[in-house]
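Participant: Structural data only, the sequence is not supplied:
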């Protein structure tokens, strides 16, 4: 496994290797992409039955993340289904929260049964693609300062993810030792929001110096 959030770079690199084939299939028959998801589920089942660490493969490799990529492509192709479909979005959100609540009750990613990881990536992929496609196609988004700030949060979010491991635990320890205890959920959430905002400048620097330079070589692949 790559250190910190580096696993995601490896996964994305693997995805871009197979992306041309996915786009060809998506252009001719988008529903056929489900075959990649079924293949990934079968591989995860085989890994689980073999006694290997299924959580590591499902969380940190393309074997677990291909579901999200594929469902994202499918959602783009069938985006008209999600436009204004608030009932679908609310239902998927409620079911997703309920499943994750049950997952957490049974120990979550730390102490829970590893069998969850056979289907959990698929469940996440369905939920994420539904909610993103619904949000993106159902509303006229403002260009005001709040909207721009939220947009910047999204723009820097991956950079923040990659770098936050170097600070997050020390920040929590400092707050708990010198400001207040973080043993209350709502207090911890409030400090999480503050800490996220403090990470914005770091995310900006990381994006400008590391992630953004290679983007000048990119070309459009969706018309």
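Facilitator: Thanks, I have the structure now. Everything numeric in this text was worked out from a predicted model, so none of it was measured.

Participant: per-residue confidence at the residue of the chain positioned farthest from its centre?
Facilitator: For the chain, the C-alpha farthest from the mean C-alpha position belongs to residue 178; by Cα atoms, centre = their mean, that distance is 32.9 Å. The pLDDT attached to residue 178 in the predicted structure is 92.

Participant: Surely residue 127 touches residue 93?
Facilitator: Yes: counting by Cβ atoms under 8 Å, residue 93 is a contact partner of residue 127 at 7.3 Å. Yep, even glycine has a C-beta here, placed from its N, CA and C like the rest.

Participant: between the two, which one's more packed in?
Facilitator: The residue with the greater number of neighbours, taking residue 127 and residue 93 and applying other Cβ atoms under 10 Å, is residue 127; the counts read 20 against 14.

Participant: I'd like to know how far the more buried one sits from residue 145.
Facilitator: Residue 127 sits at a distance of 30 Å from residue 145 (criterion: Cβ to Cβ, to the nearest Å).

Participant: Likewise for residue 154?
Facilitator: As defined by Cβ to Cβ, residue 154 lies at a distance of 15 Å from residue 145.

Participant: just residue 196 next, same as before
Facilitator: Relative to residue 145, residue 196 is positioned 18 Å away (Cβ to Cβ).

Participant: Can you pick out the residue with more neighbours from those two?
Facilitator: The residue with more neighbours, out of residue 196 and residue 145, is residue 196; 15 against 8, by other Cβ under 10 Å.

Participant: list the contacts for the nearest residue to that one once chain neighbours are set aside?
Facilitator: Computed as Cβ to Cβ, 6 or more residues apart in numbering, the closest residue to residue 196 that is not its neighbour in sequence is residue 160, at 7.2 Å. Neighbour list for residue 160: 196, 199-200, 202-203, 206 [criterion: Cβ atoms under 8 Å, 6 or more residues apart in numbering].

Participant: What of residue 75?
Facilitator: For residue 75, the contacting residues are 82, 129-130, 132-133, by Cβ under 8 Å, 6+ apart.

Participant: That one sits in which helix or strand?
Facilitator: Remark: residue 75 resides in helix 62-77, with elements defined by DSSP states H and E.

Participant: any idea which helix or strand comes after that helix?
Facilitator: Taking DSSP H and E as the definition, the helix or strand that follows helix 62-77 towards the C-terminus is helix 86-105.

Participant: Can you give me the buried ones in that next one?
Facilitator: Using 16 or more other Cβ atoms under 10 Å as the test for burial, helix 86-105 gives 89, 92, 96, 99, 103.

Participant: contact partners of it?
Facilitator: Contacting residues not belonging to helix 86-105 are listed as 81-82, 112, 116, 120, 123-124, 126-127, 130-131, 134-135, 138 [Cβ under 8 Å, 6+ apart].

Participant: mind running it again at 7 Å?
Facilitator: By Cβ atoms under 7 Å, 6 or more residues apart in numbering, the residues outside helix 86-105 that reach it are 82, 112, 116, 123, 127, 130-131, 134.

Participant: Repeat that for stretch 136-153.
Facilitator: For stretch 136-153, with Cβ under 7 Å, 6+ apart as the criterion, the contacting residues are 79, 82-84.

Participant: what about 10 Å?
Facilitator: Contact partners of stretch 136-153, identified using Cβ atoms under 10 Å, 6 or more residues apart in numbering, comprise 75-76, 79-86, 89, 135, 155, 160, 196-197, 199-200, 203-204.
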